[in-house]
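Visitor: show me how the following folds:
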Amino acid sequence: MVESNLDFEQFREQKLAEGFDEVLERPWQPNFANDPHTHPFDTSAYVVEGEFWLEQDGTVQHLQAGDRFELGRNIRHSERYGPEGALFWAARKN
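Guide: Numbers count the residues shown, from 1 in each chain. Just a heads-up that it's a prediction; the model follows:
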């Protein structure tokens, strides 16, 4: 479901109120792929543009504009972005 009325400031305010420490816009280049890695923070994110594939624990999730996803700290994962790249808003909690 695309939340066309959601803007970055609303997302940011909501996530800060939920206890997240920082909220970022994360643009990704077309066809970029990264190696498996981890982060020392929890992530709650909203895909604004494009598409990508998030792999964790042997499962691949295809995410597109309007999708939300959660990723826990220290969870090994990798991403592969589509031909148009992607933009998502990411809230991080240390």
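
Visitor: geometric centre of this protein: which residue is closest?
Guide: residue 45 (4.1 Å; C-alpha atoms, centre = their mean).

Visitor: assign it to helix, strand or coil.
Guide: When classified by DSSP: H, G, I helix; E, B strand; the rest coil, residue 45 comes out as strand.

Visitor: ok, residue 15 next?
Guide: Once three-state DSSP is applied, residue 15 turns out helix.

Visitor: could you find the closest non-adjacent residue to it?
Guide: If the residues on either side of it in the chain are set aside, residue 15 comes closest to residue 91, at 3.5 Å by C-beta to C-beta, 6 or more residues apart in numbering. Yep, even glycine has a C-beta here, placed from its N, CA and C like the rest.

Visitor: what is the strand or helix carrying the one you found packed up against?
Guide: In the assignment (DSSP states H and E), residue 91 maps to strand 77-93. With contacts defined as 3 or more C-beta pairs under 8 Å, 6 or more residues apart in numbering; DSSP states H and E, strand 77-93 has these neighbours: helix 8-17, strand 22-28, strand 42-56.

Visitor: which positions in it come out as buried?
Guide: 77, 79-82, 85-86, 88-92 (16 or more other C-beta atoms under 10 Å).

Visitor: turn these into CSV, columns for pLDDT.
Guide: Shown next, in CSV, are those (pLDDT from 0 to 100):
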residue, pLDDT
77, 98
79, 97
80, 98
81, 98
82, 97
85, 97
86, 98
88, 97
89, 98
90, 98
91, 98
92, 98
